[in-house]
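Undergrad: everything below, folded, please.
(one chain, ligands or ions: 1)
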Amino acid sequence: MMEAEFNMGKILVLGGAGYIGSHTVYELLDKGYGVVVADNLETGHRQAVHPDAKLYIGDIRNREFVDGVFEKEEIDAVVHFAAYSLVGESMTDPLKYYGNNVGGTQVLLASMAAHGIDKIVFSSTAAAYGEPKRTPILETDPTEPTNTYGATKLAMEQMFKWTELAHGIRYTSLRYFNACGAHPSGEIGEDHRPETHLIPIVLQAANGTRPSISVFGTDYDTKDGTCVRDYIHVCDLAQAHAQAVRYLMDGGKSDIFNLGNGVGFTVREIINAAEGVVGHNIPTVFAERRAGDPAVLVASSDKAKSVLGWKPQYADIHAILETAWKWHRTHPKGFSEN
Ligand code: UFG
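TA: The predicted structure is shown next:
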């Protein structure tokens, strides 16, 4: 790679083969950063890693591996996505989540402190809030997670806070709401195994890779009885990570930011909008509520806009779904051979 490309700095993206991580790698490269990816490829996909990013395959729980990356590469800041993220699994196997999410972050921070790397952008979640006390949710609202996944992300945020006091590592923690959509190039998109998220499941029901979409609960206290969520495009999340890197490099203080569109859509509205985008009906069945689903989750992201200068580009749910559909239509088997 040309030296000039590193003028902006060199960023290590942990979990850069995953859904949000891979889109953030594209964005950082686009902004002129040098990018190094570390991923154990347990849930990430090698094909999702941009060819201009150098890939190290290994696990953040392995101190030697993490030390090795910091010794080989001159890293200016870390963006940390490397974690398990299935809410249901986190309830049946909580120690798996503590071991990787919390344990892995402890190893990472110890290695960063030892190598004098003092900036980290962290992938957090709306699940840190639990059942919201009001809408839209502000960063100062109570954090009472209702699942282990959210609890581990909150524990990681707290680890950053105390580590900064001792070792001077500054952080930004980005609490995303419902990440969705795909890169407009159609090269990368969402491919979780198993898939649990609404929009990919709706589009898989549309492209025939699954028979139908089940709507989990039609008796919530919302306008049509189905849950309301704040859907935010993955490229807008990627942009926020790049802005957060810049903010820390410019000397910004550690802080926590919500990332959402500030607009809620019901499950039925998403299915209707998706039918408009794909141009035909999507087979839908109605099912029981899924345990642990809050009725409404909508963010206030004013702080990210004013402090980080974040400007989400995808306000329209149809435009978001168009990008997701381009990915699912052209990659019905995700990153596997089509
Ligand atoms: N839903 C269905 N059918 C499905 C899948 C989902 O009706 O097959 C509904 C859910 O009940 C929910 C909505 O669609 O009301 C969105 O569900 P997702 O699973 O797509 O997303 P969640 O809101 O459950 O999860 C998101 C993030 C998690 C985070 C959580 C916080 O993906 O990482 O918000 O509550 F933990």
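Undergrad: other residues contacting the worst-scoring helix or strand of the chain on mean pLDDT?
TA: Within the chain, no helix or strand scores below helix 87-92, which has a mean of 93 by mean pLDDT, DSSP states H and E. Helix 87-92 has contacts (CB atoms under 8 Å, 6 or more residues apart in numbering) with Tyr84, Lys96, Tyr97, Ala127, Asn147, Thr148, Tyr149, Gly150, Thr152, Thr196, Gly292. For glycine as for every other residue, the C-beta is placed from the backbone atoms N, C-alpha and C.
Undergrad: closest one to the ligand out of these, please.
TA: Ala127 (3.3 Å; CB to the nearest ligand atom).
Undergrad: measure Phe335 to Phe177 for me?
TA: 25 Å (CB to CB, to the nearest Å).
Undergrad: repeat that for His233.
TA: Look at His233 and Phe177: by CB to CB, they are 11 Å apart.
Undergrad: helices - which of the contacts of helix 87-92 land there?
TA: For the contacts of helix 87-92, membership in helices holds for Lys96, Tyr97, Thr148, Tyr149, Gly150, Thr152, with DSSP state H as the criterion.
Undergrad: ok, for the fourth one, nearest residue in space, not its chain neighbours?
TA: Closest residue to Tyr149 apart from its sequence neighbours, by CB to CB, 6 or more residues apart in numbering: Ser90 at 3.8 Å.
Undergrad: which residues touch Gln47?
TA: By CB under 8 Å, 6+ apart, the neighbours of Gln47 are Phe335.
Undergrad: just the pLDDT for it.
TA: Here the pLDDT value assigned to Gln47 is 97.
Undergrad: that one - that's part of a helix, no?
TA: Yes. Gln47: assigned to a helix according to DSSP: H, G, I helix; E, B strand; the rest coil.
Undergrad: separation between the nearest residue to Glu275 once chain neighbours are set aside and the ligand?
TA: Spatial nearest neighbour of Glu275, excluding adjacent residues (CB to CB, 6+ apart): Ile282 at 5.4 Å. According to CB to the nearest ligand atom, to the nearest Å, Ile282 stands 12 Å off from the ligand.
Undergrad: check contacts around Ile282.
TA: So Ile282 contacts Val202, Ala205, Ala206, Ser212, Ile213, Ile271, Ala274, Glu275 (CB under 8 Å, 6+ apart).
Undergrad: which phi and psi does the last one have?
TA: It refers to Glu275. Note on Glu275: its backbone torsions stand at phi -60, psi -40 [degrees, to the nearest 10].
Undergrad: quick check, it in contact with Asn281.
TA: Yes. Glu275 lies in contact with Asn281 (CB atoms under 8 Å); the separation is 5.9 Å.
Undergrad: of the two, who's got more company?
TA: The neighbour comparison of Glu275 against Asn281 (other CB atoms under 10 Å) goes to Glu275, with 16 against 10.
Undergrad: read off the pLDDT value for the more buried one.
TA: pLDDT at Glu275 comes out at 98.
Undergrad: rewinding a little: distance to His241 and secondary structure added to the contacts of Ile282, as CSV?
TA: Converted to CSV, these look like this (distance: CB to CB, whole Å; DSSP: H, G, I helix; E, B strand; the rest coil):
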residue, distance to His241, secondary structure
Val202, 26, helix
Ala205, 31, helix
Ala206, 29, helix
Ser212, 35, coil
Ile213, 30, strand
Ile271, 30, helix
Ala274, 27, helix
Glu275, 32, helix
